[in-house]
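Chemist: Make a model of this:
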Amino acid sequence: MNTPYIGIIGGSGLYQMEGVVVREERRIETPYGAPSDAILLGTLDTVPVAFLPRHGRGHRVTPSEINYRANIWALKSIGVHALIAVSAVGSMKEAIAPGDLVLVDQFIDRTQARASTFFHDGIVAHVSFADPVCEKLATLLFASRSAIPTTVHPCGTYVCIEGPMFSSRAESLLYRSWGVDVIGMTNYQEAKLAREAEIPFATIALATDYDCWHTDAADVDAMSVLAVMQKNVINAQTLIRHALPQVVSATRDSIAHRALAQAIVTPIAQISAAVRERLSPIIQKYVAAR
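Modeler: Numbers count the residues shown, from 1 in each chain. Predicted coordinates for the structure are as follows:
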């Protein structure tokens, strides 16, 4: 039996690295429309991987326009066993310097216009999201920190804003008063949908700036973010590459794999054929068992 794919969501720099062999570009149509781009299937040092450019190649899709449900559904449908998301964030704490990596473990959602559940229109499931990130996967990534020359923070709270505009200074100061560690625009929906799809999930957040709360630092702008991101993505590449051979074994018993076991409250007999078809990659093992 082939080793399951490890999914990686991020920018093009993640798969343009030594050791990656892309064997196929697979375009998948989902019940929710098309994903951000083709999924790039291949290997990284012989480990099967599935890369998905979050914003599409060329960075064409805004955070609010990303088809999060299509992205996660597509990855689930091809057999992704665990998912690592990599993204740029602003630091909300002095101790997290631009260039640091943060293994996010909690989220606060401040978005307003995004579909973020598979369970609607004929089926209801109440999934536990108390601990949004797979602890086993995050621990494995943190254990690989010696492979890179920068600070890796083992945990942190990520506040997700709508974007694509950066926050106002008043908003930045408000979020900081909440005690959050980083601010970004994409990872909450990815974490939530991955949990509904029973995929162990972890985020590597790349701190690129101090947002606009820090009066001694320049206000955040896109060009400065990209400049730091280009340097920092090498560290993310190395961290992933070092951890990848152990991901499947480390996450085999992750609670994410049974997230729906007690969550679906709609009686199976009342779930229509259309809904079963729409959610087949996600609920099939539960529907077939009853």
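
Chemist: Select the helix or strand of the chain having the lowest average pLDDT value.
Modeler: helix 222-243 (a mean of 81; mean pLDDT, DSSP states H and E).

Chemist: Can you pull the phi/psi pair for the residue lying closest to Pro245 once chain neighbours are set aside?
Modeler: Closest residue in space to Pro245, ignoring its immediate chain neighbours: Val47 at 5.9 Å, by Cβ to Cβ, 6 or more residues apart in numbering. Where you see a C-beta, it was placed from the backbone N, CA and C, and this is true even at glycine. Main-chain dihedrals, Val47, degrees, to the nearest 10: phi -80, psi 130.

Chemist: Quick check: Val47 touching Ala243?
Modeler: No - using Cβ atoms under 8 Å, Val47 is not in contact with Ala243; the gap is 10.0 Å.

Chemist: circling back to that earlier point, can you tell me which residues contact the residue nearest to Pro245?
Modeler: Thr3, Ile6, Leu244, Pro245, Val247 (Cβ atoms under 8 Å, 6 or more residues apart in numbering).

Chemist: Distance check, it against Arg54.
Modeler: Look at Val47 and Arg54: by Cβ to Cβ, to the nearest Å, they are 21 Å apart.

Chemist: Same check on Leu206?
Modeler: 13 Å.

Chemist: hang on, the earlier thing: give me the lowest-pLDDT entry from the contacts of Val47.
Modeler: Within these, pLDDT reaches its minimum at Thr3, with 67.

Chemist: what's around the closest residue to Ala256 other than its chain neighbours, how many residues?
Modeler: Excluding the flanking residues, the one nearest Ala256 by Cβ to Cβ, 6+ apart is Pro200, at 4.3 Å. Other residues near Pro200 come to 30 when the count uses other Cβ atoms under 10 Å.

Chemist: my guess is Pro200 contacts Leu83, does it?
Modeler: Yes - under the criterion of Cβ under 8 Å, Pro200 is in contact with Leu83, at a separation of 7.0 Å.
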